[in-house]
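S.K.: Everything below, folded, please.
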Amino acid sequence: MCTDAPDDICPDDAPLTVLYTGTRSPTIKHPGLAIVHRPMLKPAPLDFDRQRARALAKQAKTLVFYSPNAVDHLADSGVLDGLALHEKTAWAVGEKTAESLHERFGVHARVPEDPQFTGMLAHFHARKPELPLVAFGIQGSPRSLMGDAPGQFAPDDAAQIHQIPIYQTTAEHHADLGETIARGSIRWVALTSPRGVDAFVSHFSASTLAGFKLATIGPTTADALRGHGLTVDLMVQLPDRNAMMLEILHAASLAQPPSTQPP
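M.R.: Coordinates of the predicted model:
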């Protein structure tokens, strides 16, 4: 089911069509897979205090980047321009974020062995990072470096921990989404965040949604789906959109498990 959208990937006669709702489209190409990309959320920069952010980043010994979107919006803001980033320790939540850091800043960031936020907290619990620390992410994120969980920082460290939201997301409307769904080719819907779940569910009735297989990235997104009374058919742990597509292909018996895919 091909469309005119530039991010759609539609090989001829693909037996499986996935509606991908994350911000960035998968880039994987597989003869058995068609991808219709309709992001539920649109990232947009925040009007944050750039002078303060630059001063804090200049003093920081550790920098944390939560997502590729955070890296891109930070790079576009110019806040880190001219700073000696190679003298600081940079942490990235996920390999994709690390790749974005290298592309935009030339920085080689560390990625936790378990490449997600909880994995970074586990590393910080085992070995506390150098302070001051500045983290850049999205407005309203439930993820926080402050708290009483292992790896989070206690109130005594609050003066040296700075979490700066530099972008936000807003719901994106797709006039053709209802028609796209009505064509009947889509079998799986891939959802990547709780806010994306809320935006997607708002478009359709429960009976319509019951006709799809639903895949999520991470337990938080899965819980958001269940909160709407929907069944999670597949949960992918790591925030990797291409790996998610391979997992869906495997679930549909059209590919080997991702761990056995050739490099």
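S.K.: how about the strands of the stretch 51-200 of the chain, start to end?
M.R.: Under the criterion DSSP state E, counting those that start in this stretch, the stretch 51-200 of the chain contains strands at 62-65, 89-92, 133-138, 161-171, 188-191.
S.K.: Those into a markdown table, with extra columns for distance to residue 226 and mean pLDDT?
M.R.: Where C-beta positions appear, they are placed from N, C-alpha and C, glycine not excepted. Formatted as a markdown table, these follow (distance: least, C-beta to C-beta, whole Å; pLDDT from 0 to 100):
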| stretch | distance to residue 226 | mean pLDDT |
| --- | --- | --- |
| strand 62-65 | 29 | 98 |
| strand 89-92 | 29 | 98 |
| strand 133-138 | 23 | 96 |
| strand 161-171 | 21 | 95 |
| strand 188-191 | 12 | 96 |
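S.K.: Please identify which of the ones you listed is closest to residue 51.
M.R.: When these are compared by C-beta to C-beta, strand 161-171 sits nearest residue 51, at 12.1 Å.
S.K.: Within the sheet, what are the partner strands of the closest one, with directions?
M.R.: If you go by DSSP bridges, strand 161-171 pairs up with strand 41-45 (antiparallel), strand 133-138 (parallel).
S.K.: Same list, the strands of the stretch 51-200 of the chain, but as CSV with distance to residue 102 and mean neighbour count please.
M.R.: Output for the strands of the stretch 51-200 of the chain, formatted as CSV (distance: least, C-beta to C-beta, whole Å; neighbours: other C-beta atoms under 10 Å):
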stretch, distance to residue 102, mean neighbour count
strand 62-65, 11, 25
strand 89-92, 9, 22
strand 133-138, 16, 23
strand 161-171, 19, 18
strand 188-191, 26, 26
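S.K.: Next, format the ones you listed as CSV and append distance to residue 224.
M.R.: Shown next, in CSV, are the strands of the stretch 51-200 of the chain (distance: least, C-beta to C-beta, whole Å):
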stretch, distance to residue 224
strand 62-65, 24
strand 89-92, 24
strand 133-138, 16
strand 161-171, 14
strand 188-191, 8
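S.K.: The strands paired with strand 161-171: which one's closest to residue 254?
M.R.: Within the strands paired with strand 161-171, the stretch nearest residue 254 is strand 41-45; the backing value is 28.2 Å (C-beta to C-beta).
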